[in-house]
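**Q** Have a look at this prediction, sequence included:
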Amino acid sequence: MSIKKVNINEKFALINKHWDPKIAGELNGQHIRLAKLKGSFDWHHHEQEDEMFLVVSGQLDMHLRDQIITLDEGEFLIVPKGVEHKPVAEEEVQVLLFEPAATLNTGTDVTERTVHPDWI
């Protein structure tokens, strides 16, 4: 068994596209995904999975149907399964996502923005 540390900053440097999450680790059927976000994503929800967003750098607005929650560097939010949400980043933000490996970034809908993440 090979146990290796992961440098998040080095992994983020390998990401060149917004809204294209990459897998940086896996544990107990959960992926640790890293993504750079800028602009607005689509409204979506996840039927079976909760989703955690941890802001590593920048600021993220999580739009919910009844409110907007602003996340600053070092803050995280868990979006419970079934809750519609839309991430919005005015400037580039780096986020760590923690979610089940089968989770699609577009939730229950497969669209042109659906990504099947690669490992970095």
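**A** Yep, it's here. Bear in mind that the values here come from a model prediction, so they are computed numbers and not experimental data.
**Q** could you pull out the helices for the protein?
**A** Using DSSP state H, the helices of the chain run over 8-13.
**Q** Just to check, L104 is in contact with T114?
**A** Yes - with contact defined as CB atoms under 8 Å, L104 reaches T114; the gap is 5.7 Å. For the C-beta atoms, the positions are set from N, CA and C on the backbone; glycine is no exception.
**Q** any idea of the mean pLDDT in stretch 85-92?
**A** Averaging pLDDT along stretch 85-92 gives 97.
**Q** Neighbour count for L104 and T114, which is higher?
**A** Neighbours per residue, other CB atoms under 10 Å: of L104 and T114, the larger number sits with L104, 18 against 13.
**Q** what's that one in contact with, if anything?
**A** H46, V110, T114, V115, H116 (CB atoms under 8 Å, 6 or more residues apart in numbering).
**Q** Spatially, what comes nearest to the second one if we skip its sequence neighbours?
**A** In this case it means V110. In space, and not counting its chain neighbours, V110 is closest to L104: 6.9 Å by CB to CB, 6 or more residues apart in numbering.
**Q** Pull the contacting residues for M52.
**A** Neighbours of M52 in contact, by CB under 8 Å, 6+ apart: F76, L77, I78, V79, L97, F98, E99.
**Q** before we move on, what about A24?
**A** V6, I8, K11, I32, R33, L34, L96, W119, I120 are the contacts of A24 under CB under 8 Å, 6+ apart.
**Q** Could I get the full set of strands for this structure?
**A** 22-27, 30-40, 51-57, 59-64, 67-72, 76-79, 85-100 (DSSP state E).
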